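S.K.: A predicted structure for the sequence below; I have some questions about it.
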Amino acid sequence: MSVLTPDLLASIGRKGPPRTEVVTRRDIRKYAIASGQRQRRFLDGDEAPPLYHVALFWDVVEREELTPDGVSIDGLLPKFPLTRAMAGGLEIQYHDPIRPGDVLTGTRTLTDIYEKQGRSGPLIFYEVVLEIVRDDGEPVVTEKTTRILR
């Protein structure tokens, strides 16, 4: 018997609100230093290093509003019957470098929900795609995150 209901599956295709951020040289430099970059283009803030975009659109919330694993509650996702989350994968396509002064908009879409049977019971997989574009509409990054619930 499936743990996925028609209501859960109807959430596929749901989009979160677009979020816009301005990239600054200072923020690129801070991220480059914090992540141990060695290339001058990153350390000087001329170009954002890989993974700079990951937290760019995250909510800034009080500690009490975080889940036990330290992330904010994701309003894009439906209430799943399984709650123990694990990483399932991350695919990132870089279309163009992120540079200081870029005005970036990120939009997240719940693109898939499916179930598999594990050794100890059902597993729910869901995929969220984050598309980041510049203010002129040019794509910068496409990221697909897969999470597993048990």
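M.R.: Done, it's in.

S.K.: buried residues in the longest strand that the chain contains?
M.R.: The longest strand of the chain (DSSP state E) is strand 103-118. Buried residues in strand 103-118, counted by 16 or more other Cβ atoms under 10 Å: 104-106, 108-111, 113, 115. Glycine gets a C-beta too; all of them are placed from N, C-alpha and C.

S.K.: stretch 33-47 now?
M.R.: Across stretch 33-47, burial judged by 16+ other Cβ under 10 Å covers 37, 42, 45-47.

S.K.: which residue ranges of the protein form strands?
M.R.: With DSSP E as the criterion, the chain has strands at 19-22, 85-94, 103-118, 121-134, 139-149.

S.K.: okay, the angle between the second one and strand 121-134?
M.R.: Relative orientation of strand 85-94 and strand 121-134, computed by axes from the mean of the first three to the mean of the last three Cα atoms, to 10 degrees: 30 degrees.

S.K.: wait, isn't Val140 in contact with Asp102?
M.R.: Yes: at 7.4 Å, Val140 counts as touching Asp102 under the criterion of Cβ atoms under 8 Å.

S.K.: lovely, talk soon.
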